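Chemist: quick one, fold the following:
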Amino acid sequence: MKSVLLLKHLRIQNANAISGLTWGFPAITNFLGFTHALSRFVQGKHEVSLGGCAVVCHQHQVQAHQPGGYGEYIFALTRNPLTKEGKTASFNEEGRMHMDVSLLIECDFTINDIDCDTDDDVQDRQLFEQQLTEKIYSMRLAGGNFLNIGKVEFIALPDMPEERDGRFRCLMFGLLPGFLLVDRSDLLEQHYTQLKEEQPDAQLLDAWLDFSALKYQAHAQPAAGEEITENTPAEWSYVSKPGQGWLVPIMSGYQAISPLYEAGEIAHTRDSETPFRFVESAYSIGQWLSPHRIKKIDQIFWHYHSEAGCYLCRNSYQPQISIFE
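Modeler: This next block holds a predicted model:
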């Protein structure tokens with residue numbers, strides 16, 4: 001990685017807030033898909049491509065409410081026109097949100113590899129940033145529209161490790177206040193191993209639900225000398241998640257549920273020139289961290305990873321001894 005592309009404070013309205021079984025923020029696949037589409041644009045103009053993507057959320061507002069001020073959240077839905085028979089038209093429920101995010105994208109090239117028909121690197125960089133800004137306004141991210149782009153900046157990274165780490169730290173402090181999403185599938189694996197020791201018939205879904213579900217547990221409070229019965233009073237207490245920090249369930253990719261079919265073998269596919277297979281969503285655990293806690297630049301980027309019918313998004317975050325140090 002020679003440079004990074006900083007897309008700072010992208011304000012997006014009506015982005016998709018539902019990701020499979022989870023809701024509240026777009027899946028990481030949306031951001032990697034956006035990066036891939038932007039990379040195709042860059043490749044067509046300058047014959048260079050973009051790499052992985054890091055996501056920092058500064059603000060989010062899910063379009064949902066609680067009837068009566070408590071209980072389950074309900075998405076705020078649009079009122080669609082009636083049918084010609086005067087009946088309510090059927091529709092699929094949509095969850096939408098507004099958000100302010102920043103993206104950092106890997107670039108394995110320098111401004112010298114960009115040709116904008118000028119003889120000045122500074123002008124080349126400015127024209128490149130302007131091209132990207134204009135292109136982004138015509139794109140969508142997670143189905144949402146761009147309202148404003150705070151800054152598009154192409155940043156060269158120093159070759160020396162000490163200077164590179166210092167430049168990276170400055171970038172991270174510049175993204176405050178905000179939270180950066182990293183992969184914590186390691187915590188899911190650890191908890192599943194421990195759960196299997198306690199409950200041999202436990203499934204991986206049970207371990208994932210321990211991170212995802214809001215759980216309370218009853219603790220019997222018998223009087224002195226009394227046995228515990230079904231009528232014994234109990235005190236309910238919150239069951240903490242099996243890990244520290246702001247841990248969230250995420251949709252991390254797709255799992256194949258069919259063989260890989262040859263291109264054109266399945267009718268009505270989006271692309272008749274690409275092999276096709278049916279998939280279902282795959283889930284993992286993510287963690288929101290303050291950007292200034294990340295020490296190495298290569299730990300923030302998400303990449304595509306595929307093997308044995310799994311198409312997943314992963315990053316190489318390595319936790320410190322304590323996330324609160």
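
Chemist: strand partners (parallel or antiparallel) of the lowest-mean-pLDDT helix or strand in the chain?
Modeler: Sorting the helices and strands of the chain by mean pLDDT, DSSP states H and E puts strand 74-75 at the bottom, at a mean of 82. Applying DSSP bridges to the sheet, strand 74-75 is found paired with strand 64-65 (antiparallel).

Chemist: mind checking the SS state of G33?
Modeler: At G33, secondary structure determined by DSSP: H, G, I helix; E, B strand; the rest coil is helix.

Chemist: list the neighbouring strands of the helix or strand hosting S252 plus their orientation.
Modeler: Using DSSP states H and E, S252 sits in strand 246-256. Strand 246-256 pairs in its sheet with strand 279-289 (antiparallel), strand 310-315 (antiparallel), by DSSP bridges.

Chemist: of those, which is nearest G52?
Modeler: Across the strands paired with strand 246-256, G52 has its closest neighbour in strand 310-315 (7.4 Å, Cβ to Cβ). C-beta: built from backbone N, CA, C; applies to glycine.

Chemist: which residues are in contact with that closest one?
Modeler: Outside strand 310-315, the residues that touch it by Cβ atoms under 8 Å, 6 or more residues apart in numbering are 28-29, 32, 52, 54, 182-183, 185, 252-256, 279, 282, 284, 299-306.

Chemist: averaged pLDDT, that strand. What do you get?
Modeler: Average pLDDT, strand 310-315: 92.

Chemist: just the buried ones among the contacts of strand 310-315, please.
Modeler: Neighbour counting with 16 or more other Cβ atoms under 10 Å marks 28-29, 32, 52, 54, 182-183, 185, 252-254, 256, 282, 284, 299-302 as buried within the contacts of strand 310-315.

Chemist: just list whatever residues bridge to W246.
Modeler: Counting by DSSP bridges, the residues bridging with W246 are W288.

Chemist: cool, and A156?
Modeler: The bridge-partner assignment for A156, based on DSSP bridges, gives S3.

Chemist: so how far is I294 from it?
Modeler: Noted for A156: a distance of 20 Å to I294, by Cβ to Cβ, to the nearest Å.

Chemist: of those two, which one has the most company?
Modeler: Each of A156 and I294 has its neighbours counted (other Cβ atoms under 10 Å); I294 has more, 20 against 15.

Chemist: now H219: closest residue in space that isn't a chain neighbour?
Modeler: Among residues not flanking H219 along the chain, E235 sits closest, at 5.1 Å (Cβ to Cβ, 6 or more residues apart in numbering).

Chemist: with I266 instead?
Modeler: Closest to I266 by Cβ to Cβ, 6+ apart is F276, at 4.9 Å.

Chemist: could you look up the SS state of the most far-flung residue of the chain relative to its centre?
Modeler: For the chain, the residue at maximal distance from the C-alpha centroid (Cα atoms, centre = their mean) is G225, at 53.1 Å. At G225, secondary structure determined by three-state DSSP is coil.

Chemist: list the contacts for the residue nearest to H219?
Modeler: Going by Cβ under 8 Å, 6+ apart, E235 touches A218, H219, Q221.

Chemist: same question for F91.
Modeler: L77, N80.

Chemist: quick check: it vs D108, distance?
Modeler: As judged by Cβ to Cβ, F91 and D108 stand 44 Å apart.

Chemist: same check, this time on L5
Modeler: 11 Å.

Chemist: more neighbours, these two?
Modeler: Using other Cβ under 10 Å, the more surrounded residue of L5 and D108 is L5, with 23 against 12.

Chemist: so the more buried one touches A156, yeah?
Modeler: No: assessed by Cβ atoms under 8 Å, L5 is found out of contact with A156, at 10.9 Å.

Chemist: what do these two both touch?
Modeler: Going by Cβ under 8 Å, 6+ apart, no residue sits against L5 while also sitting against A156.

Chemist: residue contacts, the nearest residue to L289 once chain neighbours are set aside?
Modeler: Nearest non-adjacent residue to L289, counting by Cβ to Cβ, 6+ apart: L180, 5.4 Å away. Neighbour list for L180: A54, V55, V56, W288, L289, S290, P291, I294, I300 [criterion: Cβ under 8 Å, 6+ apart].

Chemist: so what's the nearest residue in space to the last one that is not next to it in sequence up against?
Modeler: So the one you mean is I300. Spatial nearest neighbour of I300, chain neighbours left out: A54 (4.0 Å); criterion: Cβ to Cβ, 6+ apart. Counting by Cβ under 8 Å, 6+ apart, A54 touches L103, L104, I105, L180, I300, F301, W302, N315.

Chemist: returning to what we had before: now what about the least confident helix or strand of the chain, what contacts it?
Modeler: Outside strand 74-75, the residues that touch it by Cβ under 8 Å, 6+ apart are A17, V62, Q63, A64, H65, Q66, P67, E93, E94, G95, R96.

Chemist: appreciated, that's everything.
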